[in-house]
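> With the input below, show me the fold.
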Amino acid sequence: MKPFVTALTVSATLLLAQGCASSIKSQETSVSTTSSHSGHSMSGMEMPGLSETAIAKLTAPPSITPNTPVPLVIEIKDQSGKAFANFDTFQTKLMHLIVVSDNLQFFSHIHPEYKTNGRFEVEYNFPLVGKYTLFSDYKPSGQKEQVSVLKTQVSGNSLITPKIDLNLTKTFADTKVNLTFSEPTIRAGKEVTLIFNLQQTSNNQPITDLQPYLGEQGHLVILKQSSSLTRADYIHAHAMKDTPAGKVQFMTTFPQPGKYKLWGQFNRHGKIVTADFWVNVI
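Residues are numbered from 1 along each chain as shown. Modelled structure (predicted):
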């Protein structure tokens, strides 16, 4: 099972529309992308023959303050401006929206509600000041999985410089997580298996009560540290099947050298454990 490297052509514009009653902020991103379900990375490399193309537009308030719920609208249209009417379910949802602060301090995985006529809506609370990137993952009916990258910003001055912690063993509530790899060194362009070893903190025994999350043993998003996040920095991997108790494994390829942050998500008793780690790729 090998990751599929995605190719795309991007054209992004930021539009600000003002009305006498209210103001909205919109951003459009043109996408040409395909992917597989074994795990994929957005490499930015050119690949001819891609026909799936969508335009995603994010509409959000022009001014967002921390810890204040705001409405977000994402509209999906084709290149001619016609809205996609139907979307295929994958990983039990019609859309997966990954929200991250550009400094990679904050991560959230949410699922906007589909209304009609290509329109998805969600109310969201941004917790921190700063710039945010939203990776919208969806499948227009009959097409490949596609990812649109959208941007917004929370007003204020951020004074936080996140620490890069390369520790590969962490505790999250009652779950201890140790991250290991199939290779002693992670190298760009080389396939690697990431192994999340999950233990009960009280006795260090492998966890046996994992439940499916989005139809799989776990979910993994990886982002490369970058001054401005793009599709080339995004990796979405799917859990391998038939793994031992207490282990959830993902196979992927890191396209470039650099520092990457990983967020593995697992379901214990209906509560989602999000385990975050930094790794260095050479």
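
> Show me which residues of stretch 169-182 are buried.
Using 16 or more other CB atoms under 10 Å as the test for burial, stretch 169-182 gives 175, 176, 177, 179. Where C-beta positions appear, they are placed from N, C-alpha and C, glycine not excepted.

> So which of the residues you listed are in strands?
If you go by DSSP state E, those have 175, 176, 177, 179 in strands.

> Please name the bridge partners of the second one.
It stands for residue 176. residue 171, residue 199 (DSSP bridges).

> For it, give me its contacts.
Contact partners of residue 176, counting by CB atoms under 8 Å, 6 or more residues apart in numbering, are 169, 170, 198, 199, 200, 201, 204.

> try 10 Å this time
By CB atoms under 10 Å, 6 or more residues apart in numbering, the contact set of residue 176 is 169-170, 197-205, 207, 275.

> Residue 155 touches residue 128, doesn't it?
No. Counting by CB atoms under 10 Å, residue 128 is not a contact partner of residue 155; they are 11.3 Å apart.

> Could you pull out the residues contacting both of those two?
residue 66.

> and those two? which has more neighbours close in?
residue 128 (15 against 12; other CB atoms under 10 Å).

> before we move on, what SS does the more buried one have?
coil (DSSP: H, G, I helix; E, B strand; the rest coil).

> Residue ranges in this protein under the pLDDT threshold?
1-52, 159 (pLDDT under 70).

> Let's check: the centremost residue of it is which one?
Most central in the chain under CA atoms, centre = their mean is residue 98, positioned 3.9 Å from the mean C-alpha point.

> hang on, that one is in a helix, isn't it?
No. With three-state DSSP as the criterion, residue 98 is strand rather than part of a helix.

> I'd like to know the beta-bridge partner residues of it.
The partner residues for residue 98, given DSSP bridges, come to residue 109, residue 135.

> got it, and residue 147?
Beta-bridge partners of residue 147, as defined by DSSP bridges: residue 137.

> Can you report phi and psi for residue 154?
With angles defined as degrees, to the nearest 10, residue 154 sits at phi -100, psi 130.

> In this structure it contacts residue 99, no?
No. Between residue 154 and residue 99 there is no contact under CB under 10 Å: 11.1 Å.

> shared neighbours, these two?
With CB under 10 Å, 6+ apart, residue 154 and residue 99 have common neighbours 126, 132.

> My read is that residue 72 contacts residue 123, right?
Yes. With contact defined as CB under 10 Å, residue 72 counts as touching residue 123 (7.4 Å).

> For residue 275, give me its contacts.
170-172, 175-179, 196, 198, 218, 220, 248, 262-266.

> Mind doing that once more with 8 Å?
By CB under 8 Å, 6+ apart, residue 275 lies in contact with 170, 172, 175, 177, 179, 196, 263, 264, 265, 266.

> Among the residues you listed, which one lies nearest to residue 63?
Nearest to residue 63, judged by CB to CB, of the contacts of residue 275 is residue 263 at 28.2 Å.

> Tell me how this protein divides into domains.
4-154, 169-281 (automatic domain parsing).

> Please name whichever of these is nearest to residue 160.
domain 4-154 (6.6 Å).

> could the ones in strands among the buried residues of stretch 169-182 go into a markdown table alongside distance to residue 132?
As requested, those are arranged in a markdown table below (distance: CB to CB, whole Å):
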| residue | distance to residue 132 |
| --- | --- |
| 175 | 27 |
| 176 | 30 |
| 177 | 26 |
| 179 | 25 |
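
> Just flag the most distant two among these.
With CB to CB as the measure, no two of those lie farther apart than 175 and 179, at 12.8 Å.

> Mind listing what's buried along the host helix or strand of residue 123?
Residue 123 is part of strand 119-124 when elements are defined by DSSP states H and E. Of the residues in strand 119-124, 119, 120, 122, 124 count as buried by neighbour count, 16+ other CB under 10 Å.
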